[in-house]
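> generate a structure from the sequence data that follows.
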Amino acid sequence: MSDNSPQHVRMQLDLTWQEAVPPAGVQAALALMESGKMHRYGETGAKPGEAAALEAQFAAELGTPYCVAMNSCGSTMFAALRCSGVRPGDKVLSNCFTLAPVPGAIAHAGALPVLVDVTEDLLIDLEDLRRKAAQSGAKTLLLSHMRGHICDMDALTAICREFGIALIEDCAHTMGASWNGKATGTWGVAGCFSLQSYKHANSGEGGLLVTADADLAAQAVLLSGSYMLYTSHVARPGPEVFERWKYHTPNFSLRMSNLPAALARAQLGEVLQERCQRWNQRYGWLAGALEGTAHVRLPHRPPQEQFVASSFQFLLRDMTRAQMQAVIAACAEQGLHIKWFGADEPVGFTSVWTHWRYFGQAQDLPQAQAVLGALCDLRLPLSLTQADCLGIAHTIRAAVKSVFS
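Numbering: from 1, shown residues only. Here you go, the predicted model:
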């Protein structure tokens, strides 16, 4: 905002703003471009490059033995599904509150989605998960920690054990987050992280698959497109594991190049930790200013959920669809552009299960229409000041009040 007053009439905020890549990342990228060695693999004695270093660095920070860098988080989810044994026609459980790359990964694997309902706290409905696990016979759950909301992972993994379900985590919005001290991405057979812009580390695009399963890791390396140069990976299994898979795993050319890896490496470690603290500070400012606002419901976040809030969600309650649209429009008129999951048509990055018609099958989701139909979403760029957050809250409160005046 152009002043410090939450009563300022029109906001001047760019919620798509991104922090600059740290100087170390810029310097590493420039050095790569000057050398021309941007492909992660080389021949005739080439040493491991930035992509291999990124894999080793991220694996060490997360405490996992293996990491495979790919060209997107969607690619890592597809790879995790396929390399964990999912085959065309298999059923895969997944929460309905997610974004298009998650069902896209299921479709890429040729599998059939079984969507699980969502609670008002924007979490996977564990009762519905239990019911659909029993009904469907699905043996894989692709769990999306959508917008950084983390369910009770102890309870969820207990359900997975009970039904013999392999858990794959979509951690696109939870880099640096954990449940009860255990990092997301380490609860199941594989975790999938994003390096896309607007995420916690920005290389433009990219994905990181982590796992403690040697066979899954070896397949993922080969599937990503290592050719027979897999020994240049650092965070990888031993050669005997690759011997089991190198003649049976197709090359899908999903690997990451050295350039995005160089950009990402400089944004991990202390840089990531400091960003996480600043994001949560902004979340706290905005949540505190909106708490108690009529017709606005904030999701409950228990102390076990050590989230990273790079975005902010709230529900508009006890409103007609027309009133919700009026609130969104009133905010937009004041310069605050809010994403609404209740829109009839997909807009930008935002879509819901009713838009994914390639499924070709009905989904039983009795709560989703009400919850997602009322869901509002906005980014929290690190450029926001406390005054900005107060101004955002004032704009939302005024917009809500206007539809009832």
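> from now on I want contacts and neighbour counts done on CA atoms only, so please keep to that.
Fine.
> what about the helices in the stretch 251-400 of the chain?
258-265, 270-290, 321-333, 368-373, 386-403 (DSSP state H, counting those that start in this stretch).
> right, so of these, which gets closest to residue 310?
Of all the helices of the stretch 251-400 of the chain, helix 270-290 sits nearest to residue 310, with 5.5 Å by C-alpha to C-alpha.
> contacts for that closest one next, please.
176, 200-201, 296, 298, 307-312, 380-382, 384-386, 389-390, 392-393, 397 (C-alpha atoms under 8 Å, 6 or more residues apart in numbering).
> just the buried members of those residues?
When these are checked for burial by 16 or more other C-alpha atoms under 10 Å, the buried set is 176, 200-201, 296, 298, 307-312, 380-382, 384, 386, 389-390, 392-393, 397.
> what about those residues, which are in strands?
296, 311-312 (DSSP state E).
> tell me how this protein divides into domains.
The chain breaks down by automatic domain parsing into domains covering 23-265, 270-403.
> now do the SS call for residue 79.
What DSSP: H, G, I helix; E, B strand; the rest coil gives for residue 79 is helix.
> for residue 263, what are its contacts?
21, 25-26, 28-29, 202-203.
> which two of those have the greatest separation?
28 and 202, at 14.7 Å, using C-alpha to C-alpha across those.
> more neighbours: these two, which one.
residue 202 (22 against 19; other C-alpha atoms under 10 Å).
> rewinding a little: output the domains of the chain in CSV; the columns should cover distance to residue 15.
As requested, these are exported to CSV (distance: least, C-alpha to C-alpha, whole Å):
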stretch, distance to residue 15
domain 23-265, 10
domain 270-403, 6
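> and those domains, which is most packed in?
Looking across the domains of the chain with neighbours counted as mean count of other C-alpha atoms under 10 Å, the highest average goes to domain 23-265: a mean of 21.
> and the end-to-end length of that domain?
From its first residue to its last, domain 23-265 covers 11 Å (C-alpha to C-alpha, to the nearest Å).
> avg pLDDT for that domain?
Domain 23-265 comes out with an average pLDDT of 96.
> chain center to it, what's the gap?
11 Å (C-alpha atoms, centre = their mean, to the nearest Å).
> contact partners of stretch 359-379?
For stretch 359-379, contacts defined as C-alpha under 8 Å, 6+ apart pick out 15-16, 96-97, 107, 112-120, 122, 310-317, 324, 337-343, 352.
> typo on my end, it should be stretch 395-405
For stretch 395-405, the external contacting residues (C-alpha under 8 Å, 6+ apart) are 290, 293, 295, 323, 326-328, 330-331, 334, 336.
> go again using 7 Å as the cut-off
Contacts with stretch 395-405, where a contact means C-alpha atoms under 7 Å, 6 or more residues apart in numbering, come from 293, 323, 326-327, 330-331.
> how about JSON lines for those, with pLDDT and distance to residue 169 added?
Converted to JSON lines, the contacts of stretch 395-405 look like this (pLDDT from 0 to 100; distance: C-alpha to C-alpha, whole Å):
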{"residue": "293", "pLDDT": "96", "distance to residue 169": "34"}
{"residue": "323", "pLDDT": "96", "distance to residue 169": "36"}
{"residue": "326", "pLDDT": "96", "distance to residue 169": "36"}
{"residue": "327", "pLDDT": "97", "distance to residue 169": "34"}
{"residue": "330", "pLDDT": "95", "distance to residue 169": "37"}
{"residue": "331", "pLDDT": "96", "distance to residue 169": "34"}
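> ok, those vs residue 72, which is closest?
Nearest member of these to residue 72, counting by C-alpha to C-alpha, is residue 331, at 32.7 Å.
> and the closest one, what does it touch?
Contacts of residue 331 (C-alpha under 7 Å, 6+ apart): 337, 395-396, 399.
> re the thing from before, narrow the contacts of residue 263 to those in helices?
Judged by DSSP state H, helices contain the following of these: 25-26, 28-29.
> got a list of what the residue nearest the centre of the chain touches?
Taking C-alpha atoms, centre = their mean, the centroid of the chain lies closest to residue 172, which sits 2.0 Å from it. By C-alpha under 7 Å, 6+ apart, residue 172 lies in contact with 73, 192-194.
> redo these as TSV? Include distance to residue 158 and secondary structure.
Listed next are these as TSV, based on distance: C-alpha to C-alpha, whole Å; DSSP: H, G, I helix; E, B strand; the rest coil:
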residue	distance to residue 158	secondary structure
73	26	helix
192	21	strand
193	23	strand
194	26	strand
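> my guess is residue 97 meets residue 120, correct?
No - counting by C-alpha atoms under 7 Å, residue 120 is not a contact partner of residue 97; they are 11.0 Å apart.
> report the secondary structure state of the residue nearest to residue 59 when sequence neighbours are not counted.
Spatial nearest neighbour of residue 59, excluding adjacent residues (C-alpha to C-alpha, 6 or more residues apart in numbering): residue 67 at 5.6 Å. What three-state DSSP gives for residue 67 is strand.
> would you list the phi and psi of residue 208?
phi -130, psi 120 (degrees, to the nearest 10).
> I'd like the numbering to begin with 50 instead of 1 from here.
OK, 50 is where the count begins now, so the last one is residue 257.
> tell me the bridge partners for it.
Under the criterion DSSP bridges, residue 257 forms beta bridges with residue 118, residue 242.
> so it touches residue 119, yeah?
Yes - between residue 257 and residue 119 there is a contact under C-alpha under 7 Å: 6.1 Å.
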